[in-house]
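Enquirer: for reference, the sequence and a predicted model appear below.
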Amino acid sequence: EKNYTLVAGGNGQGDGLNQLNEPRYLFVDRDHSVYVSDNLNHRVMKWNKGAKEGIVVAGGQGQRNALTQLYHPNGIFVDTLGTRFVADSSNHRVMRG
């Protein structure tokens with residue numbers, strides 16, 4: 001049996017930079033940074049390898065449909081140039097940033 005290591009969240013449910021609220025999908029880039037769709041916080045977080053806090057890289061401005069907002073983000077993909085694609089579920093759209 002292999003032990004797991006905490007890489008994101010782990011500080012209870014919430015909207016702090018060290019918390020997540022119903023994380024749904026993740027993507028790991030070649031630098032081992034972890035991108036997490038933080039569904040109920042309506043944001044995408046990036047956790048650099050070994051970080052104690054994440055960085056908001058998309059959304060986090062409430063749950064509406066402005067270009068700076070997400071509404072229940074789900075799937076996420078980051079291409080080799082670092083461009084992020086987010087399935088913005090409740091806004092019925094895919095965002096690129």
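Expert: On my side now, so go ahead. Numbering: from 1, shown residues only.
Enquirer: so how many other residues sit close to residue 76?
Expert: 22 (other Cβ atoms under 10 Å). (Each C-beta comes from the backbone N, C-alpha and C, glycine too.)
Enquirer: can you classify it by secondary structure?
Expert: Per DSSP: H, G, I helix; E, B strand; the rest coil, the secondary structure class of residue 76 is strand.
Enquirer: that one: what's it in contact with?
Expert: Shown in contact with residue 76 (Cβ atoms under 8 Å, 6 or more residues apart in numbering): 25, 26, 27, 35, 36, 37, 44, 84, 85, 86, 87.
Enquirer: and for residue 12?
Expert: When contacts are counted by Cβ under 8 Å, 6+ apart, residue 12 touches residue 19.
Enquirer: now do the buried residues in the host helix or strand of residue 25.
Expert: For residue 25, the element it lies in under DSSP states H and E is strand 23-28. By 16 or more other Cβ atoms under 10 Å, the buried positions in strand 23-28 come out as 23, 24, 25, 26, 27.
Enquirer: then stretch 87-97?
Expert: 87, 88, 89, 91, 95.
Enquirer: isn't residue 63 up against residue 73?
Expert: No: assessed by Cβ atoms under 8 Å, residue 63 is found out of contact with residue 73, at 9.9 Å.
Enquirer: which residues are in contact with both of these two?
Expert: Applying Cβ under 8 Å, 6+ apart, one finds that residue 63 and residue 73 are jointly contacted by residue 42.
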